[in-house]
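In: Quick one: sequence and predicted model below, then my questions.
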Amino acid sequence: MRQNLDELWLEILAALDETARQDVYLRQATPLSLTADTLTLAVPSAFAQARIEERFRGDIERALAARFGTAAVSLALTVTEVSAAAAVAPEHPETEPAVQLPHGETGLNPNYVFDRFVVGSSNRVCHATALAVSENPGGEYNPLFIYGGVGLGKTHLLHAIGNRFSHRRPEKKVLYVTSETFMNEYVESIVNRTAAQGFRTKYRTVDMLLIDDIQFLQRKEGTQEEFFNTFNELHMNSNQIVMSSDRPPDTLETLEERLKSRFGWGMVAEIDRPQYEMRVAILLQKCQDQGLDNIDDDVLSYVAEVVTTNIRELEGTLIRLVAQATIMKEEVSLAFARQVLNDVVVAAPLFPQQKTLTAEGIQKVVAEYFGITLTDLISPKRTKSIVLARQTAMYLCRELTPLSLTSIAEAFRRGNHTTVMNACRQMEKALQTETELKQIIEVLRVQLR
């Protein structure tokens, strides 16, 4: 029966036109069942379901009618959860796949590997150093401190180091966290004294600690003290420490001098903005990962010319372009790209300093994106769509503004900052596995900036 279903689906696909056969979302669909009047397909996300409904339902049902000689067989689509790794897996497997360690949660994203990191003049030294650390941890590059602007690939490199080391030494313990996660768990260990030893054991017994956005430890005296002790313990045992920051260690003004000194013990490496050729290569890699093989090179060249700030905005712009083409049922042509990205071109070529984002501004954009009112967004309502929109807005407020957790809680009319803290933690966890949610966040980042 399974073989017959697969053969039928291949037959139906063969009857469609070239555009449909090459569509990444249609290629991800798998047949679940066939009754007298319905073919049911499983798709990996609600976005894929909407795309197939809008663009291909009629063609598929016509192919079914031709196959069975009746117009009574209709198409049904059902969303089934798949891992992010499966949803974006390339045709050829990675040479250094991530593995699931026996030591529990590592925090690593299996999609971030060295093979997917585009190397150019702006990041060549940093990439070479990161690769060396993954192969020889605890050596001369301990600690490794990677710094650069937002969206240039620092987080990708941290995960790539952890994934490669995990693949080579699966018996070793690796842990990736953000500095905010470290701080939150430290605060919890103070509140719950019984958890204090567990916290110290978790962080001081790993073979490799990867900690992102270390600049957020500024002005957190208690957390700095705890990280200082953790750092000393790991370094003394020749366990590798890798950190990222948006600026070099000596410019972290409110960080203790003893910490800044230790951050410079090993290797300090900078990632700069990508050059034009590298931006084109990044877009080509993104298209390959997402199965977007119907986008012309002149469109990618145009996007690379327009967006010069960072990789995150570069990829977010491409996603925005594809998403709008899908919604408007247009081909991603150069003319369409010029029309959609007109607002970006107006800001080019110098990209003046971004406007200051506020919690209210983020709330309005997110509410509009999710199709809900601002009143519902900040209300106590707990319906699934409103909760997702609210958590998304809280997460973006925390990421894109200097507001404290307490200030964000007040903006959402919440009496306790732990609500925001928990929302951000849930979003961070979901973004590691949910490709569709990651795309939503990237599109919203582009809109907000």
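Out: Everything's here; your move.
In: per-residue confidence averaged over stretch 420-434?
Out: Mean pLDDT, computed over stretch 420-434, is 86.
In: contacts for that stretch?
Out: 83-84, 107, 109, 178, 180-181, 184, 390-392, 394-395, 397-398, 405, 408-409, 412, 414, 437-438, 441 (CB atoms under 8 Å, 6 or more residues apart in numbering). Where C-beta positions appear, they are placed from N, C-alpha and C, glycine not excepted.
In: hmm, who's touching stretch 316-332?
Out: 51, 54-55, 283, 286-287, 290, 292, 294-296, 299-300, 303, 306-307, 336-337, 340-341, 344, 439, 442-443, 445-447.
In: again, but for stretch 180-199
Out: Under CB under 8 Å, 6+ apart, the answer for stretch 180-199 is 200, 202-203, 211, 213, 216-217, 220, 222-223, 226-227, 398, 421, 424-425, 428.
In: now swap in stretch 302-311 and tell me
Out: 149-153, 273-274, 276, 279-280, 282-283, 313-314, 317-318, 321, 334, 337-338, 341, 344-345, 348-349, 351.
In: do the same with stretch 150-163
Out: Counting by CB under 8 Å, 6+ apart, 96-98, 106, 108-110, 112-114, 116-117, 122-123, 126-127, 130, 133-134, 144, 146-148, 174, 176, 208, 210, 212, 242, 244, 246, 271-274, 309-313 sit against stretch 150-163.
In: what sits against the nearest residue to residue 248 once chain neighbours are set aside?
Out: Spatial nearest neighbour of residue 248, chain neighbours left out: residue 147 (5.2 Å); criterion: CB to CB, 6 or more residues apart in numbering. Applying CB under 8 Å, 6+ apart to residue 147 gives the contacts 154, 244-249, 268-271.
In: quick one: residue 147 and residue 185, what's the gap?
Out: To residue 185, residue 147 is 24 Å away according to CB to CB, to the nearest Å.
In: for this protein, where's the lowest mean pLDDT among helices and strands?
Out: Using mean pLDDT, DSSP states H and E, the weakest-scoring helix or strand in the chain turns out to be helix 84-87, at a mean of 34.
In: can you tell me which of the contacts of stretch 302-311 are in helices?
Out: 276, 279-280, 282-283, 313-314, 317-318, 321, 334, 337-338, 344-345 (DSSP state H).
In: pLDDT below threshold where in this structure?
Out: Applying pLDDT under 70 to the chain flags residues 1-4, 18-25, 44-48, 50-51, 70-71, 80-104, 343-356, 449.
In: which residue sits farthest out from the middle of it?
Out: Relative to the centre of the chain, and counting by CA atoms, centre = their mean, the farthest-placed residue is residue 69 at 45.6 Å.
In: In contact with it, which residues are there?
Out: No contacts exist for residue 69 under CB under 8 Å, 6+ apart.
In: likewise the one 5 residues further on?
Out: The neighbours of residue 74, taking CB under 8 Å, 6+ apart as the test, are 37-39, 61, 64.
In: could you dump those to a markdown table with neighbour count and distance to residue 234?
Out: Output for these, formatted as a markdown table (neighbours: other CB atoms under 10 Å; distance: CB to CB, whole Å):
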| residue | neighbour count | distance to residue 234 |
| --- | --- | --- |
| 37 | 11 | 63 |
| 38 | 13 | 58 |
| 39 | 24 | 56 |
| 61 | 17 | 60 |
| 64 | 21 | 60 |
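In: Arrange these in TSV, one row each, with secondary structure and distance to residue 260 as further columns.
Out: TSV is the format used below for the contacts of residue 74 (DSSP: H, G, I helix; E, B strand; the rest coil; distance: CB to CB, whole Å):
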residue	secondary structure	distance to residue 260
37	coil	70
38	strand	65
39	strand	63
61	helix	65
64	helix	66
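In: Same list (those) but as TSV, adding distance to residue 372.
Out: Shown next, in TSV, are the contacts of residue 74 (distance: CB to CB, whole Å):
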residue	distance to residue 372
37	36
38	33
39	34
61	33
64	37
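In: if we can go back for a sec, among the contacts of stretch 316-332, which are located in helices?
Out: Of the contacts of stretch 316-332, the ones assigned to helices by DSSP H are 51, 54-55, 283, 286-287, 290, 299-300, 303, 306, 336-337, 340, 344, 439, 442-443, 445-447.
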